[in-house]
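In: What would the 3D arrangement of this be:
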Amino acid sequence: MVFVREDVQQLLTMMASVPGPQMHEVDPATARAMYVQMGQIAERPLPEGVATADIEIPGPAGAIRARTYRPANAAADGPTVVFYHGGGWVIGDLDSHNSLVGEIAKLTGWNAIAVDYRLAPEAVWPAAVDDALAAARWVAGSPSALGFKAGPLLFCGDSAGGNLSAIAARALRKELKVLAQWLIYPGVDMTNATGSMEEFAEGYLLTAAGMAWFGGHYAAEVTSPLASPALSDDWADLPPALVFTCGLDPLRDQGRAYAGKLIAGGNRVIFREAAGQIHGSAQLRGALPSAQADLEGQVADLKALLA
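Out: Below you'll find the model as predicted:
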């Protein structure tokens with residue numbers, strides 16, 4: 001018997017009753033609009049006391065859109081959260097994750113910046129990786145356009161953004177001051193097709209068909225560590241990691257395995273799994289009160305990880 005939280009079951013039942021195609025059954029532009037619309041219905045508003053500003057970052061293929069978040073209680077010498085949004089490298093933007101990044105800034109008391117990297121299929125792999133790394137390097141330099149002095153970087157992201165966060169933490173740890181990596185139900189092994197990928201292939205928001213749709217558009221070399229960081233040979237001296245997974249997520253097992261590899265490599269890790277929770281829950285906190293508690297628990301874990 002699969003355990004499903006009460007608020008999760010109510011949301012899944014409601015979504016199953018709504019007619020119309022799923023995201024993987026439409027074109028990317030339509031899917032992006034559906035994604036933002038779902039957030040407008042199921043997400044909490046941007047928290048009060050967090051000032052935002054839209055800026056542009058010089059990128060390898062032109063300007064990268066970004067948004068800064070400055071909580072009223074920002075620590076002058078605190079970390080800077082560099083956030084990469086989820087959405088399978090195909091959907092998602094600054095607006096789809098606006099509330100989540102604002103909540104992270106408010107709960108942590110740290111300045112944050114969300115990076116709107118290029119999306120596939122218009123820009124296939126490794127465009128997203130290139131933009132993620134370029135943006136991090138720019139932020140670390142504390143340019144005046146950032147609006148505040150950057151502290152040590154804390155890479156954070158959900159799903160595809162967790163993938164980019166893991167890649168950035170590994171790639172930049174010897175070049176920049178990287179404090180930690182916070183991976184929220186990350187997709188870290190594009191070759192994985194068993195275990196939770198089969199167990200939760202349908203009926204729990206993210207589906208196996210959806211994963212195939214994302215992967216087809218992203219067109220990555222799936223065995224490259226710049227697409228599947230779980231397949232890297234480099235596990236020594238990585239930044240401390242908070243890895244969060246959800247019990248009903250097709251990506252659950254690869255997140256578990258990634259945490260295990262980090263631990264085996266001698267790295268400092270806190271692993272948290274939300275039983276009965278679904279992929280994407282961090283952006284559905286208006287409809288899923290338990291997901292807000294999950295996020296607050298992660299922040300407490302993060303403070304413990306860095307203490």
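
In: Which secondary structure elements does the longest helix along the chain sit against?
Out: Longest helix of the chain, by residue count under DSSP state H: helix 289-306. Counting contacts by 3 or more CB pairs under 8 Å, 6 or more residues apart in numbering; DSSP states H and E, helix 289-306 is packed against helix 6-17, helix 98-108, strand 178-184, strand 241-246, strand 269-274. To be clear about C-beta, it is placed using only N, CA and C from the backbone, and glycine gets the same treatment.

In: buried stuff in that helix?
Out: By neighbour count on 16 or more other CB atoms under 10 Å, the buried set for helix 289-306 is 290-292, 294-295, 298-299, 301-302, 305.

In: Closest one of those to residue 65?
Out: Ranked by distance to residue 65 (CB to CB), the buried residues of helix 289-306 are led by residue 295 at 24.3 Å.

In: correct me, but that closest one touches residue 102?
Out: No - using CB atoms under 8 Å, residue 295 is not in contact with residue 102, being 11.7 Å away.

In: Going along the chain, name the strands of the stretch 51-200 of the chain.
Out: Ranges of strands in the stretch 51-200 of the chain, per DSSP state E, counting those that start in this stretch, are 62-71, 80-84, 111-116, 153-158, 178-184.

In: Tell me what angle the fourth one forms with strand 80-84.
Out: Inter-element angle recorded for strand 153-158 and strand 80-84: 30 degrees (by axes from the mean of the first three to the mean of the last three CA atoms, to 10 degrees).

In: Can you point out the buried residues in strand 153-158?
Out: Along strand 153-158, these residues count as buried under the neighbour rule (16+ other CB under 10 Å): 153-158.

In: Next: the last one.
Out: In terms of neighbour count (16+ other CB under 10 Å), strand 178-184 has its buried residues at 178-184.

In: could you dump the helices and strands packed on helix 289-306 to a markdown table with mean pLDDT and distance to residue 115?
Out: As requested, those are exported to a markdown table (pLDDT from 0 to 100; distance: least, CB to CB, whole Å):
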| stretch | mean pLDDT | distance to residue 115 |
| --- | --- | --- |
| helix 6-17 | 96 | 28 |
| helix 98-108 | 98 | 10 |
| strand 178-184 | 99 | 14 |
| strand 241-246 | 99 | 19 |
| strand 269-274 | 98 | 24 |
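
In: So for residue 80, which of the ones you listed sits nearest?
Out: Per CB to CB, nearest to residue 80 of the helices and strands packed on helix 289-306: strand 178-184, 8.8 Å.

In: Could you spell out the sheet neighbours of that closest one, each with its direction?
Out: strand 153-158 (parallel), strand 241-246 (parallel) (DSSP bridges).

In: Now find how far off-centre the longest helix of the chain is within its chain.
Out: Mean-position distance between helix 289-306 and its chain equals 15 Å (CA atoms, centre = their mean, to the nearest Å).

In: Convert the C-alpha atoms of that helix to PDB, please.
Out: The C-alpha coordinates for helix 289-306 follow below in PDB (Å, rounded to 0.1, in the frame of the first residue of the first chain):
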ATOM      1  CA  PRO A 289       0.200  22.900   3.300                       C
ATOM      2  CA  SER A 290       2.400  20.000   4.100                       C
ATOM      3  CA  ALA A 291       4.900  21.100   1.400                       C
ATOM      4  CA  GLN A 292       5.400  24.400   3.200                       C
ATOM      5  CA  ALA A 293       6.300  22.400   6.300                       C
ATOM      6  CA  ASP A 294       8.700  20.300   4.100                       C
ATOM      7  CA  LEU A 295      10.400  23.600   2.900                       C
ATOM      8  CA  GLU A 296      10.700  24.900   6.500                       C
ATOM      9  CA  GLY A 297      12.200  21.600   7.500                       C
ATOM     10  CA  GLN A 298      14.800  21.800   4.800                       C
ATOM     11  CA  VAL A 299      15.800  25.300   5.800                       C
ATOM     12  CA  ALA A 300      16.300  24.000   9.400                       C
ATOM     13  CA  ASP A 301      18.400  21.200   8.000                       C
ATOM     14  CA  LEU A 302      20.400  23.600   5.900                       C
ATOM     15  CA  LYS A 303      21.200  25.800   8.900                       C
ATOM     16  CA  ALA A 304      22.300  22.600  10.800                       C
ATOM     17  CA  LEU A 305      24.500  21.500   7.800                       C
ATOM     18  CA  LEU A 306      26.300  24.800   7.800                       C
END
